[in-house]
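Q: What follows is a predicted protein model with its sequence.
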Amino acid sequence: MKDCGGHFHGKHLKKSLDYVMNPEKTQDGRLVGAINCQVDSAFEQMKATKRKFGKVDKRQGYHIILSFKEDEVNPDTAFEITRRFVEEYLGKSYEAVYVVHDNTAHVHSHIVFNSVSFVDGKKYRYEKGDWAKYIQPITNKLCQEYGLSIIDVDDGSKEKEHESYKDWSEYREGSFVWADMIKRDLDSCILQAGNYEQFLELLSDKGYEVKQGKYLAVKPQGMTRFRRCKTLGDMYSDEAIRERIEKEDISFYREQQKEVQSVLCKCKVRRYRRAKMSGLQKRYYAKLYRIGKLKKKPYSQVWKYKDDIRKMHKLQEEYLFLVNHDIHSAEGLVSVISSLTDKRKEVSAEKSRIYKARERSRELFDIADDMKELEPAEKSFLQGDEFFTDEHLQWETLKQKLLSQGYSLEEVEALRKHYKEEYSKACAKERAVFKELNIGKSIWKSLIPDSVSDGKDAQYNKETIRDRKEQPER
């Protein structure tokens, strides 16, 4: 669990402890234990150890998951194995909380421990190979005592069962349990829900945070990031979930669980070998190649035509410009250029107005930024953590500053979003007008004489057009 910054270093550590000790998953706290600390004050004791040795930043803690085969072990046996593992692996140096979750058919245990030793202040380091060298041998020894399955770390047979090294690494480190738990919870909610809204409510009741955007994403307690459901497989995309809610129920699930009888099929395939060339044929084709009858394909010659392609694109832009603005004469072209020039000035002035208005609210935005940094600490204070009293006082001072100017934090964020959207629209409009104006000027430049086009003060006005029209009459 990483450091969350100066405002709340141990945020991830506290969230993990809160998640693993959830009463709904641990038989109302019966399957919760601790070593070298008290269950109810584990986070405060870990934090005190960090302060004692001056190591409150950087890595905050570690999370180990022990997963057993489905229906192979009961919660009490899993709890006893986990307790013995923690005592042997961490008991001499680190404060740890261990629990067993039995809310699913797949019983598993969580171990969350402090990154700093309460004995000498040294930080725990996980090196590559520690799993096979230290962790798995302990779990294998304990599981053998209780007659449970083990993972053989010598022959690599478990690695061969997975399609790639990445899958094997995830399996070995235990991260696969998150995905498995999320999929089981999603399946459970799909079976129980009558519609999509009820499905989202059931997820929330299980403690999940749900984010609905372009993709449906969920975050169980203890995870630091949202997980997109579609990454769990094709059956968990937003469309697939909606379809499954409509057709899946308990009876459907039972039908799917029925064993399919295997059938032996025979298929004869006649294969033909490709005929090989004889020695005479090889010499014949070699001679054709030497005298130039067989030639390699030439390299692409596209580079020769890149200038022509560029000119073609330019002509297409100019043609569309004339069509879109309904221009049939030089006078019409000058009129459109003059109109676009005025329009560019208008959108530039509008962009400047929005920018200045946003800058006048800069003080409000700075206060809001300071409050956003203090927000995690303020939430912890409201939950009873008096360690963040100073941050709470800063929060209240900043809140009063906003209120004195007639704004709340939510209103300031809404104002910031409004200015950002308006400024983006103004910039896009200015770029579009500027592009159109450049195309118009390019067309005009190709129409006027070289003597006029070379002048630095050439004007795009109606007098120039009138002079050109009057020349034949004179």
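A: Yes, it's here.
Q: where along the stretch 301-450 of the chain do the helices fall?
A: Using DSSP state H, counting those that start in this stretch, the helices found in the stretch 301-450 of the chain span residues 306-324, 330-360, 362-382, 389-404, 409-447, 450-453.
Q: Out of these, which gets the lowest mean score?
A: Of all the helices of the stretch 301-450 of the chain, the segment with the smallest mean pLDDT is helix 450-453, scoring a mean of 46.
Q: ok, now how distant is the nearest residue to residue 318 once chain neighbours are set aside from residue 314?
A: Spatial nearest neighbour of residue 318, excluding adjacent residues (C-beta to C-beta, 6 or more residues apart in numbering): residue 443 at 5.3 Å. For glycine as for every other residue, the C-beta is placed from the backbone atoms N, C-alpha and C. Distance of residue 443 to residue 314, given as C-beta to C-beta, to the nearest Å: 10 Å.
Q: For those two, indicate the residue with more neighbours.
A: residue 443 (19 against 12; other C-beta atoms under 10 Å).
Q: For burial, what's the neighbour tally of the residue nearest to residue 350 when sequence neighbours are not counted?
A: Of all residues not flanking residue 350 in the chain, residue 426 sits nearest, at 5.3 Å (C-beta to C-beta, 6+ apart). The tally of other residues near residue 426 (other C-beta under 10 Å) stands at 19.
Q: Would you confirm that residue 426 contacts residue 351?
A: Yes - applying C-beta atoms under 8 Å, one finds residue 426 in contact with residue 351, separated by 4.0 Å.
Q: count of neighbours near residue 268?
A: 4.
Q: circling back to that earlier point, so who does the residue nearest to residue 318 touch?
A: 318, 321-322, 333 (C-beta atoms under 8 Å, 6 or more residues apart in numbering).
Q: Now flag whichever of these is closest to residue 339.
A: Closest approach between these and residue 339, by C-beta to C-beta: residue 333, at 10.8 Å.
Q: Could you check how far that closest one is from residue 439?
A: Plainly put, residue 333 is 11 Å away from residue 439 if you go by C-beta to C-beta.
Q: if you count what's nearby, which of these two comes out ahead?
A: residue 333 (21 against 18).
Q: Distance check, that one against residue 441.
A: For residue 333, the distance to residue 441 - C-beta to C-beta - is 10 Å.
Q: And residue 268, by the same measure?
A: Using C-beta to C-beta, we find residue 268 at a distance of 75 Å from residue 441.
Q: can you check residue 383 too?
A: Counting by C-beta to C-beta - residue 383 and residue 441 are separated by 64 Å.
Q: And the two? Which one has more around it.
A: Each of residue 383 and residue 441 has its neighbours counted (other C-beta under 10 Å); residue 441 has more, 15 against 10.
Q: so the more buried one touches residue 334, yeah?
A: No - using C-beta under 8 Å, residue 441 makes no contact with residue 334, being 10.7 Å away.
Q: Now do the same contact list for residue 408.
A: By C-beta under 8 Å, 6+ apart, the contact list for residue 408 reads residue 402.
Q: per-residue confidence for it?
A: pLDDT, residue 408: 91.
Q: got it, and residue 141?
A: pLDDT, read off for residue 141, is 87.
Q: what's the helix or strand for it?
A: helix 136-145 (DSSP states H and E).
Q: Next, the residues that contact that helix from outside, please.
A: Outside helix 136-145, the residues touching it (C-beta under 8 Å, 6+ apart) are 66, 81, 84-85, 88-89, 149-151, 153.
Q: Then stretch 358-370?
A: Contacts of stretch 358-370 (C-beta under 8 Å, 6+ apart): 394, 398, 401-402, 405, 407, 409, 412-413, 415-416, 419, 423.
Q: From these, keep the buried residues only.
A: 394, 398, 402, 407, 409, 412-413, 415-416, 419, 423 (16 or more other C-beta atoms under 10 Å).
Q: May I see those organised as TSV, with distance to residue 44 added?
A: Shown next, in TSV, are the buried ones among the contacts of stretch 358-370 (distance: C-beta to C-beta, whole Å):
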residue	distance to residue 44
394	22
398	27
402	32
407	36
409	29
412	34
413	33
415	39
416	37
419	43
423	46
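Q: ok, so of those residues, who is nearest residue 35?
A: For those, the residue nearest residue 35 by C-beta to C-beta is residue 394; the value is 36.7 Å.
Q: Check the gap between that closest one and residue 370 for me.
A: Residue 394 sits 8 Å away from residue 370, taking C-beta to C-beta as the criterion.
Q: next one: stretch 71-90 to chain centre, how far?
A: 34 Å (C-alpha atoms, centre = their mean, to the nearest Å).
Q: which residues in the stretch 51-200 of the chain form helices?
A: For the stretch 51-200 of the chain, helices defined by DSSP H, counting those that start in this stretch occupy the ranges 75-89, 130, 136-145, 157-160, 165-173, 176-192, 196-205.
Q: I'd like to know which of those helices is closest to residue 44.
A: That would be, of the helices of the stretch 51-200 of the chain and by C-beta to C-beta, helix 75-89, which comes in at 19.6 Å.
Q: Can you list the buried residues in the closest one?
A: Buried residues in helix 75-89 (16+ other C-beta under 10 Å): 75, 77-79, 81-86, 89.
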